[in-house]
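*Asks:* Below: sequence and its predicted model.
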Amino acid sequence: RHFRVVCDFLCFASGDGNPKENSPFINNIDNEKGSLYDGTNMALFEEEMDSNPMVSSLLSKLANYTNLTQGVREHEEADEEEGARKKTVKSPQMGTFMGVYLPCMQNILGVILFLRMTWIVGTAGILEAFSIVAMCCCCTMLTAISMSAIATNGVVPAGGSYYMISRSLGPEFGGAVGLCFYLGTTFAGSMYILGTIEILLTYIAPNAAIFKAAEKEHEAAAMLNNMRVYGTCCLALMAIVVFVGVKYVNKLALVFLACVILSILAIYAGVVKTIFEPPEFPVCLLGNRTLQNHNFDKCLKTEIVNNMTVTTELWDLFCDSPHLNATCNEYFTSNNVTVIQGIPGLTSGAISENMWSSYGPSEMLVEKKMESLEVSDTSEDMYLPYVVNDIATFFTLLVGIYFPSVTGIMAGSNRSGDLKDAQRSIPIGTILAIATTTTIYLSCVVMFGACIEGVVLRDKFGDSVKGNLVIGTLSWPSPWVIVIGSFFSCCGAGLQSLTGAPRLLQAIARDGIVPFLEVFGHGKANGEPTWALLLTAGICETGILIASLDDVAPILSMFFLMCYLFVNLACALQTLLRTPNWRPRFKYYHWALSFLGMSLCLALMFISSWNYALVAMVIATCIYKYIEYRGAEKEWGDGIRGLSLNAARYALIRLEESPPHTKNWRPQVLVLLKLDSELQVKHPRLLSFTTQLKAGRGLTIVGSVLEGTYLIKETEAKQAEQNIKKTMSTEKTKGFCHVVVSSNLRDGVSHLIQSAGLGGMKHNTVLMAWPSSLCEQYRNMLSVRETTAAHQALLVAKNVDNFPDQRLKEGTIDVWWVVHDGGMLMLLPFLLRQHKVWRKCKMRIFTVAQLDDNSIQMKKDLQMFLYHLRLDAEVEVVEMHSSDISAFTYEKTLVMEQRSQMLKQMQLSRTEREREIQSITDESRSSIRRKNRPVIQGSGTSNQAAQLEDESDREVQLSHDKDIVSHPAVNHSTDATPERVHMTWTKEKFISERTRNREPNANMPVRDIFNMKPPYSSFLACSNQSNVRRMHTAVKLNEVVVNKSQGAQLVLLNMPGPPKSCGGDENYMEFLEVLLEGLNRVLLVRGGGREVITIYS
């Protein structure tokens, strides 16, 4: 900034620029100083005030900073675009305990602890359950460390994980992970609602079930239908509560938190009580099988009543009649019933029995490890009141079901806008909450395994203890403490999910990174996300229709794990990149810990459910690609951009070490564009042709030159760059744009050819349109020399505006391979045919045979060469025998040299110069028409003849830059009149002499012209023999090319090299004009001096 001020001052002192009249350097500004600043101490920086505020005002703004709501436009953009003034609000006062610790505790401790923890311990055993808990808690702890580092690296507006990930990894990752986090939070709401209904229908009011099964095998289906009906009603009720007012949900949050804390205290109190007085919860076993204790009171087969043996209710369940001689189940007859205590106590030694796992398939009987008499017929077991597994159990399933119980660690960061000191409270509160809950979970694993009987632990719904909640049997003073506490806890968690998920979706929608979600950014007048709430309720309903807590839990585990994975990735990336802005106040982090957490998250995803993990990744990938393709462009200073810069730097350094191998060569194109007077691209088809050519996936640099000085043309240069980028977007050309301002166009083009690109990513090919004027032809000549000197390939497209941009149904791409220039002529048609526009065009290769060549052998060799190159093309060898130089060639050469001589030796006004050039050009065109007419007639194609005749009749306006024809050293002739310029060989004299000499010598060979007397001898003396030979080649080759390839969709032709001496530059472009006469779409190709295609693998 200081450098800019000094430069402005120096420019003013030197007379450059246009300083304003009210500049403080030349005028008195006393009248205006009050509006700009207070006092005169900072007068030197007065002009900076509009764009750069004073430090005092900056600090004032920071002191009055207000955390914005989630998803609103960032404060910097709001200040710049809207100029909105922030309202002064009361500063938040929540501390670490109330703002972070307790919310995290409430979100972490929940439905899985109360409904599935005992079952997980019983099924997996204490050791494996301990490892599951430890693994999941380690994952969240490592994630919390990474999250703390990100959260303390600057101010985090309310937005939590989405804000941190999107600002750290960019809008693509942020949007993908943000939507995954939203889906996870939404399915968490489904899980909490299903948990609420399960507690209601299983433990509080079983008789409230609408669907009831007459037989045992239909009980599971009836229960699922009840869950769907009640869950839908509960979801609708909760959505209405959230819609009416979120403030009521927030007020009830402390009540729900109190229920969770009281329930956990009741569990610990019950465990202590079991040491002295275990609770009475008898479990009835038949042999070693656990019985459902719903329809009988006594665990007896028979009992003595009034000295009589009578059967019990248990007898009726296994026998066909209540009589003692009834036919009973074989296993019932062979084994006795026994009663064991469901809660033997902490000192009972049950911990040794529950140490190991007991996995099994669905419908497997829950059995105690004791001896029993087995029977062969087990077909009736499914109809008898045994406790069985409702689902198949295995280790990975339990990981997926348990993991949701450790989620919720983002609750503190989501409340960052309400915290007094967020950068201090978020790390301390979150890590303490995770440490506390980890201690609770690990201690619960040990306590449950030590206090509760194994068969009761594996009884998911408490059927063996008269339908009580298993964890409730351990609590003190009553099981109802846990039942009621867990019920309200699940209700509160469901409401919190339905409150948070719509706001997260609203934040993503308002960020504008996912266009189709913009409608969900709107809501009520007070900002409540109405539409987002409706979508959230709809997605939540899909989870409720699944109706199984065990099936929903792994789904939300995937989305949460993916979110945590990217939090760890963001921290590791920022740490390794060492970006200057990465200065977190939380110092206890390391990239290795973040990578460990990321690896653990990825492992848990595939351990839990590999198919769900793949689905979650596909969803995230689709969202990422959609945002990349259609999303709004955002620049948030994210780590992915920093990673791209580092990767690009590393790759460029590697590319610089050695030149690319021939197999890796691809056209890195520098496209030279010409702009019109309105700074619009003159030939946009040149960009579309570049897109078609880029099947090689190489580099594209689009360059243009403005004439002038950069200080004056800066605005025009930026506007031109924007116009070029817009045209590139329209033509779907991906690449870089570079506009250069130079004192003259020639130097600007030279600078682009020399300096465009960086390191190993420099262009190796220059693409330009065919020049339309003499001035452009002169610059084109210079470009040919520049590219040749730089060992770069040159492509010149003639009639580029006629190049196709739609799919061609048929046609050919004709390659005229005259000289070998490294294989560019072979490679370019192959690359073009990879694009849909040219895909159906066939490739034809023509080569020229001289008198001494064996054309048949040449064709065979060329076919074999193409076979080794793996190219599919037709081959034709064209024989061009040496012939006499025609009079037309001499005539054409004469016209060319006369024009060059005129432009060099005469200083005419612009109007006179153009009139004289036009007269010579008209004669040249008429000569070409006379020469081409018999050729066209001989071909037998009337349409082609008409086309060539129309083209030759077309008038060409020629102009030349005044600098080329202005030579101060030339002496003016005082006798020359401005009306007419007398030349040594005028048009009239040439016509008369040609007619006079042809009449007596009609059959004379042209080679005898050299022996003729004047005036032909004077003509040959004036003409350069080298120019005659070059013109002869151009004329003859043009005849052959027009004859063979006039109907081709594209003709690729070797571009002749420029003359070694600069003296022939003025004739070079004339040779090319003659060479391309009569062809529509032509691409002249000049190789860069190295092989670009190889036959080797």
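*Replies:* Nice, thanks for sending it over. Computed from a prediction, not measured in an experiment: that's the story for all the values here.
*Asks:* which element is residue 819 on?
*Replies:* For residue 819, there is no host helix or strand (DSSP states H and E).
*Asks:* Torsion angles phi and psi at it?
*Replies:* Reported as degrees, to the nearest 10, the phi and psi values for residue 819 are phi -130, psi 150.
*Asks:* Okay, buried residues for the strand or helix carrying residue 864 please.
*Replies:* Taking DSSP H and E as the criterion, residue 864 maps to helix 855-868. For helix 855-868, a neighbour-count test (16 or more other C-beta atoms under 10 Å) marks 858, 862, 866 as buried. Bear in mind the C-beta positions are built from the backbone N, C-alpha and C, glycine included.
*Asks:* Give me the mean pLDDT for the very next helix or strand once past that helix.
*Replies:* Scanning the chain past helix 855-868 towards its C-terminal end, the next helix or strand to appear is strand 874-879 (assignment: DSSP H and E). In this model, strand 874-879 has an average pLDDT of 85.
*Asks:* likewise stretch 1056-1075?
*Replies:* Per-region confidence: stretch 1056-1075 scores 72 on mean pLDDT.
*Asks:* ok, and the closest non-adjacent residue to residue 670?
*Replies:* Beyond its immediate neighbours in the sequence, the residue positioned closest to residue 670 (C-beta to C-beta, 6 or more residues apart in numbering) is residue 763, lying 3.9 Å away.
*Asks:* Confirm that that neighbour sits in a helix.
*Replies:* No - using DSSP: H, G, I helix; E, B strand; the rest coil, the secondary structure at residue 763 is coil, not a helix.
*Asks:* wait, isn't it in contact with residue 702?
*Replies:* No - the pair residue 763 and residue 702 does not pass the contact test of C-beta atoms under 8 Å, sitting 10.6 Å apart.
*Asks:* residues contacting residue 867?
*Replies:* For residue 867, no residue counts as a contact, taking C-beta atoms under 8 Å, 6 or more residues apart in numbering as the criterion.
*Asks:* mind checking the longest helix of this protein?
*Replies:* Ranked by residue count under DSSP state H, the longest helix found in the chain is helix 160-199.
*Asks:* angle of the helix holding residue 864 against strand 874-879?
*Replies:* Using axes from the mean of the first three to the mean of the last three C-alpha atoms, to 10 degrees, the inter-axis angle of helix 855-868 relative to strand 874-879 is 150 degrees.
*Asks:* CA atoms only for helix 855-868, dumped as PDB, please.
*Replies:* What follows is helix 855-868 as a C-alpha-only set of coordinates in PDB (Å, rounded to 0.1, in the frame of the first residue of the first chain):
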ATOM      1  CA  SER A 855       4.700 -43.900 -55.500                       C
ATOM      2  CA  ILE A 856       3.500 -47.500 -55.000                       C
ATOM      3  CA  GLN A 857       6.200 -48.200 -52.400                       C
ATOM      4  CA  MET A 858       5.500 -44.800 -50.800                       C
ATOM      5  CA  LYS A 859       1.900 -45.700 -50.300                       C
ATOM      6  CA  LYS A 860       2.800 -49.100 -48.700                       C
ATOM      7  CA  ASP A 861       5.300 -47.600 -46.400                       C
ATOM      8  CA  LEU A 862       2.900 -44.800 -45.300                       C
ATOM      9  CA  GLN A 863       0.100 -47.400 -44.600                       C
ATOM     10  CA  MET A 864       2.500 -49.400 -42.500                       C
ATOM     11  CA  PHE A 865       3.600 -46.300 -40.700                       C
ATOM     12  CA  LEU A 866       0.000 -45.400 -39.900                       C
ATOM     13  CA  TYR A 867      -0.600 -49.000 -38.700                       C
ATOM     14  CA  HIS A 868       2.200 -48.700 -36.200                       C
END
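*Asks:* from the buried residues of helix 855-868, which single one is nearest residue 528?
*Replies:* Sorting the buried residues of helix 855-868 by how near they are to residue 528, with C-beta to C-beta, puts residue 866 at the top with 69.9 Å.
*Asks:* Setting aside sequence neighbours, what's the nearest residue to the closest one?
*Replies:* Taking C-beta to C-beta, 6+ apart as the measure, residue 866 lies nearest to residue 873, with 5.6 Å between them; neighbours along the chain are not counted.
*Asks:* So the one you found versus residue 1070, what's the distance?
*Replies:* 32 Å (C-beta to C-beta, to the nearest Å).
*Asks:* Same question for residue 330.
*Replies:* If you measure residue 330 against residue 1070 using C-beta to C-beta, the figure is 111 Å.
*Asks:* Kindly report the same for residue 206.
*Replies:* 101 Å.
*Asks:* Neighbour count for these two, which is higher?
*Replies:* A count of neighbours by other C-beta atoms under 10 Å puts residue 1070 above the other of residue 206 and residue 1070, at 22 against 12.
*Asks:* which SSE is that one in?
*Replies:* helix 1065-1075.
*Asks:* can you give me the strands for the stretch 701-850 of the chain?
*Replies:* Under the criterion DSSP state E, counting those that start in this stretch, the stretch 701-850 of the chain carries strands at the ranges 736-742, 765-769, 793-798, 812-817, 842-849.
*Asks:* of all those strands, which lies closest to residue 1046?
*Replies:* Among those, the nearest to residue 1046 by C-beta to C-beta is strand 812-817 (9.6 Å).
*Asks:* So which residues make contact with that closest one?
*Replies:* Under the criterion C-beta under 8 Å, 6+ apart, external residues in contact with strand 812-817 comprise 825-826, 829, 832-833, 838, 841-848, 873, 1041, 1044-1045, 1047-1054.
*Asks:* that older thread, I'd like the distance from the longest helix of the chain to the chain centre, please.
*Replies:* For helix 160-199, the distance from its own C-alpha centre to the chain's C-alpha centre is 20 Å (C-alpha atoms, centre = their mean, to the nearest Å).
*Asks:* So for that helix, mean pLDDT?
*Replies:* 84.
*Asks:* Show me what the next helix or strand after that helix is packed up against.
*Replies:* Elements were assigned by DSSP H and E; along the chain past helix 160-199, the next helix or strand is helix 219-244. Contacting helix 219-244 under the criterion 3 or more C-beta pairs under 8 Å, 6 or more residues apart in numbering; DSSP states H and E are the following elements: helix 160-199, helix 246-276, helix 479-511, helix 530-546.
*Asks:* can you confirm residue 476 is in a strand?
*Replies:* No - assigned with three-state DSSP, residue 476 falls outside any strand and is coil.
*Asks:* thinking again about what came up before, what is the burial count for the residue nearest to residue 670?
*Replies:* Using other C-beta under 10 Å, the number of residues around residue 763 comes to 24.
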